[in-house]
Structures are given as structure tokens and as C-alpha cells.
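Engineer: Show me how the following folds:
(one chain, ligands or ions: 1)
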Amino acid sequence: MNHIDTFDFMSSEQSARIETVLQEERIFKPSQFVAKEATITGLDQYQQMIASAKADPDSFWGKAALAELHWFKPFDSVLDWSNPPFAKWFDGGTTNVTYNCLDRHILNGKGEKTAIIWEGEPGDVRRITYKQLFDEVCKTANALKDLGIKKGDLVALYMPMVPEAAISMLACARIGAPHSVVFGGFSSEALRDRLNDGQAKVVITADGGFRKDKIISLKDAVDSALANKSCPSVESVLVVKRTNENISFVPGRDYWWHELINSKSNKCEAEHMESEDRLFVLYTSGSTGKPKGVVHTTAGYNLWAHLTFKWIFDVQENEVYWCTADVGWITGHSYIVYGPLSNGSTTFMYEGVPRPSNPGAFWEIIQKHKINIFYTAPTAIRAFMKSGRGIPDQYDLSSLRLLGTVGEPINPEAWIWYREVIGQGNCPVVDTWWQTETGGVMISPIPNAVSTKPGSATLPLPGIEVDIVNAAGESVQTDQGGYLVIKRPWPGMMRTVHGNSKRFRETYWEYLKPKNGKFIYFAGDGARRDNDGYYWIMGRVDDVINVSGHRLGTMEIESALVSHASVAEAAVVGKPDELRGESIVAFVTLEADKQFSDNLLEILKSHVVKEIGAIARPEEIRFTNALPKTRSGKIMRRLLRSLAAGEDVKGDTSTLEDKNVLDELRS
Ligand code: 7RM
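Structural biologist: I've put the predicted structure just below:
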């Protein structure tokens, strides 16, 4: 494939991916099987939207904001970009996300419609109507007020996938307290860092959560995070009873959810929030330093989650939609909670994850709850593929009409399997590209309008201006690899990094420096655009690795390793993995008085789990006497990536300080 101009950021895995997808020529036309009353009915309407968004973005977004959201007070301006990269959307307006997610549907006579169907890991089911959800949210909001929470105070959530997680998020939004959801799989150390960075005042958790065949002790982890006054900002802990585990209680600090909330009034007026008031902070990994607190604000985020959900999934009145993410990730925020509820849809929430002991769990749920729209990650699809079609074939999946994927590039083989075996050949597959930072989907097919190609996220959504550029910020030719950038602000964009606007500017807006001085947003991904203008995402080009759709910074894992007394230096890279996309490989040098051993290897793996969480457990640790470095002392990760993948080290090694290091590593 010599017509592809590969960039030096590309691993051989990434260039191999380009070669495979270039040979991928199958095209699937938009299906007639899609929604009866579609929002975007076909190519003509879609192209009109694209054109009007391009011709006058302010008018396009302004009209959408007025049509799709309720305003207590209308906004004065659509976009204020006078101080880039700090955007203000819908300035002067006031709204409340929970008014858009709850009140207006009840006022429209949909109070008895099911908002959330939930199934627990042990099989218990709850159905919550919009009116019931409204009552629970108001009661919880009142309880938070009684705990002293005021507008602007941060509330942290560290919860299993139970309805109370969604209720808590909405309760925070009701009173204008930004939430910070920490994924329940993170360790107490990781939780503590996030609580302190955000200065959380309250932590909402549970006595435990069911995960695979185990119980995870969330409350114990909260106790350790708070021990020895290590999180001075935290005043109270609210505990949902889920597993009936024995937990310890600190009087005056800890409260049972049911004791505090059930007695509260179900009347709580929605706080009138300024458009740019914070809705939430969500931590995500980057190439440098500790995880960043991505800040999203009220109106723009609400609009983007609402519109993208409507355009892409187009859930019809009596349909059930299921996104398999955890609310601890952005996908859970935008596409389990805010997008579906803002649209008045029925969102299905599942506490469990697929596990070897129950490989048919997902299909059983689709059959039982007659799921119509299903949204999951490529890593899950690859695992299902591996266990064979014999399992899904035992279930009635005929309710499905649309399938989505998110989180990592999907290989054409898995895409086709998903379409043929799960969708039985008649459900469109939407591959949605986006990030924590973008708030909602940016590149995705619109089912009724856009033909799909297996492995491509296809085209940017209306109003989203995407490009592929080189390091100087110049557009590259068709089929050339480059950096994926977004050239115009959009309502759902992150506003800043919590407490660190410099980092926001540098990471996303100054990484590439176009000569014309314009601000363009760099996503951290490499991509290519084909002849039809379709985008093919190649994966991260920075030091972020993607394990089963979970984002991890190599530096975080390195810091965790180095914090162990035996470790002198560590370098972490991703290695291609058939199921998980990537797996973690660590190269470690030891302190002079320490010895390599299998025992130490296990100790170090567990140490990383303790510092970050099970998702960061290295698949492999390789001991070495030295790491390959440049003369200026930088670790040469490119070499380590090749070594980890078991490939020949190609390319320039002339800057390597000590060539013997490479020989040692090879052996
Ligand atoms: C939603 C989410 C973001 C990173 C992103 C990409 C990768 C996500 C796709 C994808 C190829 C996709 N948020 N990514 N979706 N790569 N095709 N459809 O995952 O902040 O956790 O991760 O995930 O590398 O930069 S995230």
C-alpha cells in the first residue's frame, strides 16, 4: 500500500489496519427497516441539514436549542468564541437539565411512561415511570440540600449500576451541584485522587455491587479513601443498600439512602441554571500526568446529548433502548441517562456484564425485554464472536432494529458478524466515534440517510467540521493517515480541565499549530479519509492505551509501578490484543538491591490493581536491566511497542543512547 503516506506516529498495527480497511469495499445502503417516524428521513434531508449548519452555524444551533430544550429564560447569543479555546454557548439563557429530562415529559402527559427498566445481576427487575423518577429525584435533591449541598458544590458518585446512580446524577443536576461519577472498578486510591482534585463534599455509594461472580466492596473502598482525613473536603457519605454486605458506619458522616431519602418531600423546584454552569466533571486519562477532570456545562451538553441520541438512535415511542456501558464512563452519562431521558425514551439499565459462566446473558435480556436498539463495544462483540453463534442463535432477537458500537475501532469482521448474527442481516450498524471530551457522538452514520462501510465511522454529524491534518495543521490528501481534528466549536465540547485551564489549552488546542493561528481541536486519534469522505479511525496516537474500550494513560500505570519500593523505572506500552483491542505490557527495572522473581511479578501486578483498579492490571511485566532511551533521556516507546508486539524493531534507532539495551530486551 505504497500510496499511503504513513506518519511516524503510526505503529505497524495501525498501518496494518489501514491496509485491511482499504481492502474493505462492502457498502450497505440505508435500510428501509429503520424507524417508522424517523427524525432524519433520508439522504436529502440529511444533506440539507449539513448544508444549513455549514452556511450559518449560529442559526442552526440556535434553532435546535430553542426547539429541543426548555428555557426558563431564552439565551442572548448562540456562540461566544471571542476568547478561544474557551467557548460560551447560549449565553444569557437559563435552563435545567432535569426539567428537560423529567418535568416536560410529565407535563406532556407521559408521566406513566417507563423511563428506566433495570435488571440487576441476580435477575431482579425494576420499572420506573417518568413520574416515579421525578419523585425520587426530587426527594434525593432535598436530601442533598439537607446535607448542606448548595449550587456549585461537587458531589461524587461511586456506585454500582443501580437506578439510584441515575437518580443521584439527576438530583445533583436538579439543584445545580455538579456531579463527578467515579467508575466503581477504580481502586480506593484512584477514588481518593478524584475526590481531592474535585473537592467533593458528599460521596454517594452502596454497601456493595455485583460484578461478574463477585461482590465489590464499594463502601470499604470509600472508607479507605477517606481514612486518616485524607479527603478533608468530604463531609458526608450516602449509602444505598444493595448487597446487604456488612459495612462499617461512621456516625455523623455516613447515612443510609433509604433512611434519609424516603421521608423527604417530592417537591423540589428545578434550579434555574445558567447555560455555562457546570453540569459535571468526569475524569479521563491522557498522555501526561494524572487523569484530567473534563468539565461539561449545562445547556450545550444537554443539547448535544439530546440531538445526537435523537439523530442516531431515533428511538420510537414504544421502543426500548439499551446501552451496555457503565454510568461511570461518558457513554453512560450521555447515552444511558441524559440523551435518552431528555428525549423521553425508555432506557434499559443492566447491572451485570457478560461473563463466561453466563455467555447468553445479553441475548436473554434482549429477548426478555424486547430491546429494539442495542449499543455496545467492539470488545464485547469480539468476545461473543469467539464463543460462537450457537449461543445468540438460541434466543429470539427479532425485536432488534438498530445496532451501535462505541469505544474503539471495530474490525470489519466483527462489524459483519454483529450485523449478520445479532442483527440477522436487517439492522443497520452505527459505528459512533466520540470521546469524553466531545460530550456526545461526532462521527457516525445516520441510519436512514448514510450508507455504511464495515470498519468506518462514516461521516461527521451536521454542524461538525472534521479534518485530517499533518503536524503543521494542514489538511492531508485522501487516503493519507494524519491527525483527526475538529475545526469548529460544537455545543457538547468540554469547556476546560477542572482546575487547570492551561492543561486544557495545551493538550487539545495547541498540540497542533496551524500557521493561520486558528484554534483546532486535536482529539488524540489518528485517522484517514477515503474517496467518499468516509472516516476510518486508527486509534490513539498519544500515550493512551485502549483496553476493552477503557482509556488508560501509560504514565498513570508507570507511576503506579514506580510507587512500589522494588521498582526503579517503568515504561508501559499497549500490545495488540485480539479480544481487548490492546493489552498492557510493562517494562520494569528494579532497585539495585532487588531481585527479579515470578513472585515479584505478581506483587507488582496486584500493586497496579491497588493503585488504579483491575482494569489497569498489566497483562505482562518484563524485567530488564535498562530501558531504551534517547540521548536526552526519553524512553523510546516506539521500540518497546514493537518488542511487546513481538515484531522486529524497524525504523530509526540512531538516537538510542545504548544499543546494547535493545539486544538485551530482544533476548
Ligand atoms: C466514547 C468513548 C475515547 C477514545 C477515542 C478513540 C476511541 C471511541 C471509537 C473509538 C474508533 C470508534 N470515550 N474510540 N469510539 N475509536 N472508533 N467508534 O469511548 O473518552 O473513553 O475514549 O476511544 O481512541 O479517542 S473515551
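Engineer: Pull up the residues of the protein that are close to the ligand.
Structural biologist: Residues of the chain lying close to the ligand (CB under 6 Å from any ligand atom) are 284, 329-331, 406-409, 431-436, 457, 523-525, 537, 539-540, 546, 551. The way it works is simple: take the backbone N, C-alpha and C, and place the C-beta from them, glycine included.
Engineer: Could you list which of these belong to helices?
Structural biologist: Cross-referencing the residues of the chain next to the ligand against helices under DSSP state H gives 330-331.
Engineer: which SSE is the residue lying closest to residue 564 once chain neighbours are set aside in?
Structural biologist: Distance criterion CB to CB, 6 or more residues apart in numbering; nearest residue to residue 564, sequence neighbours excluded, is residue 607 at 4.8 Å. Using DSSP states H and E, residue 607 sits within helix 598-611.
Engineer: mean confidence score for the next helix or strand after that helix?
Structural biologist: Once the chain leaves helix 598-611, the next helix or strand it forms, by DSSP H and E, is strand 620-623. Strand 620-623 carries an average pLDDT of 95.
Engineer: next SSE after strand 620-623?
Structural biologist: helix 637-644.
Engineer: Just the residues contacting the helix or strand just after that following helix, thanks.
Structural biologist: Next helix or strand after helix 637-644 toward the C-terminus (DSSP H and E): helix 659-666. Helix 659-666 is touched from outside by 587, 622, 624-629, 639-640, 643, 649, 653, 656, with contacts defined as CB atoms under 8 Å, 6 or more residues apart in numbering.
Engineer: If any of those residues are buried, put those into a ChimeraX selection.
Structural biologist: A single ChimeraX command selects the buried members of the contacts of helix 659-666 (16 or more other CB atoms under 10 Å):
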select :587,622,624,626,627,628,629,639,640,643,649,656
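Engineer: Closest one to the ligand out of the contacts of helix 659-666, please.
Structural biologist: Ranked by distance to the ligand (CB to the nearest ligand atom), these are led by residue 640 at 20.0 Å.
Engineer: Need the nearest residue in space to the residue nearest in space to the middle of the chain, chain neighbours excluded.
Structural biologist: Centroid-nearest residue in the chain, with CA atoms, centre = their mean: residue 330, separated by 3.7 Å. Counting by CB to CB, 6+ apart, residue 436 is the residue found nearest to residue 330 once chain neighbours are left out, at 4.2 Å.
Engineer: What residues does residue 10 make contact with?
Structural biologist: By CB under 8 Å, 6+ apart, the contact set of residue 10 is 481, 526, 538, 541.
Engineer: for residue 352, that is, sorry about that
Structural biologist: Residue 352 makes contact with 119-121, 161, 210-212, 361, according to CB under 8 Å, 6+ apart.
Engineer: which two in those residues are spaced the farthest apart?
Structural biologist: 119 and 212 (15.6 Å; CB to CB).
Engineer: who's more crowded, those two?
Structural biologist: Neighbours were counted for residue 119 and for residue 212 using other CB atoms under 10 Å; residue 119 has more, 21 against 14.
Engineer: Let me see the contact set for that one.
Structural biologist: Contacts for residue 119 (CB under 8 Å, 6+ apart) come out as 125, 348-352, 365, 369.
Engineer: before we move on, back to that, from residue 612, how far out is the residue nearest to residue 330?
Structural biologist: For residue 436, the distance to residue 612 (CB to CB, to the nearest Å) stands at 17 Å.
Engineer: tell me the contacts of the spatially most distant residue from the centre of the chain?
Structural biologist: With distances taken as CA atoms, centre = their mean, the residue sitting farthest from the centre of the chain turns out to be residue 593, at 41.9 Å. Residue 593 makes contact with no residue, according to CB under 8 Å, 6+ apart.
Engineer: Doesn't it lie inside a strand?
Structural biologist: No: counting by DSSP: H, G, I helix; E, B strand; the rest coil, residue 593 is located in no strand; its state is coil.
Engineer: Would you mark the buried spots in stretch 461-477?
Structural biologist: In stretch 461-477, counting by 16+ other CB under 10 Å, buried: 461-464, 466-469, 473, 476.
Engineer: cool, and stretch 360-380?
Structural biologist: For stretch 360-380, by 16+ other CB under 10 Å, it's 360-363, 365-367, 369, 371-380.
Engineer: re earlier: is the residue nearest to residue 564 in contact with residue 557, as I believe?
Structural biologist: No: with contact defined as CB atoms under 8 Å, residue 607 does not reach residue 557; the gap is 10.6 Å.
Engineer: More neighbours: which of the two?
Structural biologist: Higher neighbour count among residue 607 and residue 557: residue 557, with 24 against 20, using other CB under 10 Å.
Engineer: Three-state assignment for that one, please.
Structural biologist: helix.
Engineer: which residues touch it?
Structural biologist: Going by CB under 8 Å, 6+ apart, residue 557 touches 570, 572, 584, 586, 608, 612, 616, 618.
Engineer: Select the longest helix from this protein.
Structural biologist: helix 130-146.
Engineer: Output that one as CSV - backbone C-alpha positions only.
Structural biologist: Output of helix 130-146 as CSV, limited to C-alpha atoms (Å, rounded to 0.1, in the frame of the first residue of the first chain):
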residue,chain,number,x,y,z
TYR,A,130,-41.2,9.3,34.5
LYS,A,131,-43.4,10.4,37.4
GLN,A,132,-41.8,8.0,39.8
LEU,A,133,-38.3,9.0,38.6
PHE,A,134,-39.3,12.7,39.1
ASP,A,135,-40.4,11.9,42.7
GLU,A,136,-37.2,10.0,43.5
VAL,A,137,-35.0,12.7,42.0
CYS,A,138,-36.8,15.5,44.0
LYS,A,139,-36.6,13.5,47.2
THR,A,140,-32.9,12.9,46.7
ALA,A,141,-32.3,16.5,45.8
ASN,A,142,-34.0,17.6,49.0
ALA,A,143,-31.8,15.1,51.0
LEU,A,144,-28.7,16.6,49.4
LYS,A,145,-29.8,20.1,50.4
ASP,A,146,-30.3,18.9,53.9
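Engineer: For the ligand, see how far away the residue farthest from the centre of the chain is.
Structural biologist: Distance, residue 593 to the ligand, by CB to the nearest ligand atom, to the nearest Å: 40 Å.
Engineer: Next: residue 245.
Structural biologist: Counting by CB to the nearest ligand atom, the gap from residue 245 to the ligand is 30 Å.
Engineer: isn't that residue right up against residue 205?
Structural biologist: No: in this structure, residue 245 is not within contact of residue 205 by CB under 8 Å, at 11.7 Å.
Engineer: what residues are up against the residue of the stretch 451-600 of the chain found nearest the ligand?
Structural biologist: Closest contact between the stretch 451-600 of the chain and the ligand, by CB to the nearest ligand atom, is at residue 537 (3.7 Å). For residue 537, the contacting residues are 409, 433, 443, 457, 484, 525-527, by CB under 8 Å, 6+ apart.
Engineer: mean confidence score for stretch 64-76?
Structural biologist: For stretch 64-76, mean pLDDT rounds to 98.
Engineer: so how far is it from its chain's centroid?
Structural biologist: Its chain's C-alpha centre and that of stretch 64-76 lie 27 Å apart, by CA atoms, centre = their mean, to the nearest Å.
Engineer: Repeat that for stretch 204-212.
Structural biologist: Stretch 204-212 sits 20 Å away from the centroid of its parent chain (CA atoms, centre = their mean).
Engineer: Tally up the residues packed near residue 657, please.
Structural biologist: By other CB under 10 Å, 15 other residues sit near residue 657.
Engineer: doesn't residue 629 make contact with it?
Structural biologist: Yes: Residue 657 lies in contact with residue 629 (CB under 8 Å); the separation is 5.2 Å.
Engineer: ok so, going back, now flag whichever of the contacts of residue 119 is closest to residue 509.
Structural biologist: Among those, and counting by CB to CB, the member closest to residue 509 is residue 349, at 35.4 Å.
Engineer: so is the closest residue to the closest one other than its chain neighbours in a helix, a strand, or just coil?
Structural biologist: Leaving aside its chain neighbours, residue 349 sits nearest to residue 118 (4.5 Å; criterion: CB to CB, 6+ apart). Following three-state DSSP, residue 118 is assigned to strand.
Engineer: And residue 267, by the same measure?
Structural biologist: Following three-state DSSP, we place residue 267 in the coil state.
Engineer: Sweet, I'm off.
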